[in-house]
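1. Sharing a model prediction with you, sequence too.
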Amino acid sequence: MNASHPLCTHVRLATSEVGEVAVCTECGVVNIVLPFMTLRVPEENFPELAGMLSTAQAELLARSDQKSPEPPTQSDAKREPRLH
Ligand SMILES: [Zn+2]
């Protein structure tokens with residue numbers, strides 16, 4: 001296996017402030033590129049990963065709803081949501 005994949009051709013699927021998602025047309029690997037790491041997921045496993053992330057996000061929202069019944073009115077200007 002050649003880890004550097006010199007013949008890879010990445011096709012960008014999506015971009016956002018936190019990174020981008022591209023698929024390699026040569027090896028069929030979905031690359032999730034984040035500022036500090038890159039996740040490589042086989043294309044056939046990507047729907048499951050995407051579903052898991054959606055489930056996690058829904059769970060986070062549900063948990064934050066339980067924690068703070070009051071709407072966060074003052075947080076918008078203070079928070080830096082991209083810095084974890
Ligand atoms: Zn590749």
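-> Sure thing, it's come through.

2. and residue 15, bridged to which residues?
-> Beta-bridge pairing for residue 15 (DSSP bridges): residue 20.

3. pLDDT score for it?
-> Note on residue 15: pLDDT of 97.

4. Next, work out how far apart it and residue 53 are.
-> Residue 15 is 16 Å from residue 53, where distance means C-beta to C-beta, to the nearest Å. Where you see a C-beta, it was placed from the backbone N, CA and C, and this is true even at glycine.

5. And for residue 8?
-> Counting by C-beta to C-beta, the gap from residue 8 to residue 53 is 24 Å.

6. ditto for residue 10
-> Taken as C-beta to C-beta, the span from residue 10 to residue 53 is 20 Å.

7. more neighbours, the two?
-> The neighbour comparison of residue 10 against residue 53 (other C-beta atoms under 10 Å) goes to residue 10, with 17 against 11.

8. What does the pLDDT read for that one?
-> For residue 10, the model assigns a pLDDT of 93.

9. who touches it in this structure?
-> Neighbouring residues of residue 10 by C-beta atoms under 8 Å, 6 or more residues apart in numbering: 22-25, 31.

10. now residue 25
-> 9-11.

11. can you redo the residues you listed as TSV with distance to the ion and secondary structure?
-> Compiled in TSV, those are given as follows (distance: C-beta to the ion, whole Å; DSSP: H, G, I helix; E, B strand; the rest coil):
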residue	distance to the ion	secondary structure
9	7	coil
10	8	strand
11	11	strand
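
12. want to throw those residues into TSV with distance to residue 65?
-> As requested, the contacts of residue 25 are exported to TSV (distance: C-beta to C-beta, whole Å):
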residue	distance to residue 65
9	43
10	38
11	37
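
13. tell me which element the residue sitting nearest the centre point of the chain falls in.
-> In the chain, the residue lying closest to the centroid (C-alpha atoms, centre = their mean) is residue 32, at 6.5 Å. Residue 32 is located in strand 29-34, with elements delineated by DSSP states H and E.

14. Residues contacting that strand, please?
-> 10, 13, 18-24, 38-43, 46.

15. Many thanks, have a good one.
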